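Peer 1: quick one: sequence and predicted model below, then my questions.
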Amino acid sequence: MPPIKRTKFKLAPEQQLEMLYWLKLIRGFDERLSILVRQGKVRSGVYSGVGQEAIVVGTCYGLRREDYICPLHRDLGTFLMKGVEPRVMMAQMYAKTTGLSKGRDSALHSGVPELGIFGNTSMLGANLPVAAGLGLTFKMEQSDNVVLAYFGEGASNTGDFHEALNMAGAWQVPVVFICENNFYAYSVPFEHAMAIEDVAKRAESYGFDGVAINGNDVLAVYQATQGAIQRARAGDGPTLIECKTYRWHGHSEHDKAFYRTEEELAMWRSRDPIPTFTTFLQDRGVLTPENLQEIEGRVKAIVDEAVTFAESSPDPDPADAVTDLYA
Ligand SMILES: Cc1ncc(C[n+]2csc(CCOP(=O)(O)OP(=O)(O)O)c2C)c(N)n1
């Protein structure tokens, strides 16, 4: 493979502030959900993405509406960044009629084709061959849209992952494969299931570039993704980006995560992507105390309003369970 030319993508100060807003909104939304789960209010299983927000923001920032995402169960934030209103997302978690699937499902299985969101199933890795197929569609239509396909390092051990990467490489489709390597697949540590250090290495077998990056650095994620997207739009095929990160909560909110140590968690909490980026912006004079207060106030108001909306929305009528069915 010829070496990849790396371009530096510039972000204006207001775009950097917008990124901080998204990081904080996604964190705020997820944290509120954890509280609501403990209050018994949420009907959905909640797979918290707290600690991993830099991946969502760094990959989704700047996507077009027509671009497609194939999210992972932990990627609630990608729905928000792709244009789902926070109140609709909250109603989805409450399984209310005002949610994406009108109360038929309370999780992240809903697709929103008009916003370019593929509705994932529960099967790990099953979104990846679909992503390759979507990429093939874009290629056949000669459009320059791209697909972002998300998965965990656990999913990278499934057959679907290998089949998808193989075909994506053979067809040279515009897909960016984004591995969120948080080092645990449920309770299974990375090194128990893999003899290699970097999932990114697997791309080489399928004829395209793979890079491993710091997934807690929103700007590093943004730069790597933009480079991959630029190549994909130009017809230069897929890329695999492995973002090393950590999930602060258990696999889902009912998992106490006794399989890991307090020291390990503390070490990763010290690498929290949000204060790191906040300090970066403050040091450069981009973020003032007033900006920060405004962003935090806005986030709180949006999340509060989303909860009020979800709680005051009606439950589905059982008679509607058989509408919108396809045979
Ligand atoms: C094919 C398949 N095998 C097992 C499961 C059960 N399961 C759901 S999530 C999960 C762990 C996922 O780990 P990873 O892919 O690393 O993503 P993460 O949850 O860490 O973000 C498992 C084993 C499943 N849903 N599908």
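Peer 2: Alright, I've got the coordinates.

Peer 1: residue 176 belongs to a strand?
Peer 2: Yes. Counting by DSSP: H, G, I helix; E, B strand; the rest coil, residue 176 is found in a strand.

Peer 1: how about it, what does it touch?
Peer 2: Neighbouring residues of residue 176 by C-beta atoms under 8 Å, 6 or more residues apart in numbering: 59, 146-149, 225, 228-229, 232, 238-239, 241. For glycine as for every other residue, the C-beta is placed from the backbone atoms N, C-alpha and C.

Peer 1: which among those residues gets closest to the ligand?
Peer 2: Lowest distance from the ligand to the contacts of residue 176 (C-beta to the nearest ligand atom) belongs to residue 149, with 12.7 Å.

Peer 1: so what's the closest one bridging to?
Peer 2: residue 70, residue 177 (DSSP bridges).

Peer 1: number of nearby residues for it?
Peer 2: By the criterion of other C-beta atoms under 10 Å, residue 149 has 30 neighbours.

Peer 1: quick check: it touching residue 67?
Peer 2: No. In this structure residue 149 lies outside contact range of residue 67 using C-beta atoms under 8 Å: 11.5 Å.

Peer 1: give me every residue that touches the residue in the stretch 151-300 of the chain positioned nearest to the ligand.
Peer 2: Closest to the ligand within the stretch 151-300 of the chain is residue 152: 2.1 Å, counting by C-beta to the nearest ligand atom. When contacts are counted by C-beta under 8 Å, 6+ apart, residue 152 touches 72, 74, 124, 179-182, 185.

Peer 1: which one of those has the most neighbours?
Peer 2: Ranked by neighbour count (other C-beta under 10 Å), these have residue 179 at the top, with 29 neighbours.

Peer 1: pretty sure that residue is touching residue 154, no?
Peer 2: No. Counting by C-beta under 8 Å, residue 154 is not a contact partner of residue 179; they are 10.0 Å apart.

Peer 1: and the helices in the stretch 1-150 of the chain, which stretches?
Peer 2: Along the stretch 1-150 of the chain, counting by DSSP state H, counting those that start in this stretch, helices occupy 13-38, 53-60, 76-81, 86-93, 127-140.

Peer 1: can you name every helix or strand that the fourth one contacts?
Peer 2: Counting contacts by 3 or more C-beta pairs under 8 Å, 6 or more residues apart in numbering; DSSP states H and E, the secondary-structure elements packed against helix 86-93 are helix 13-38, helix 76-81, helix 289-312.
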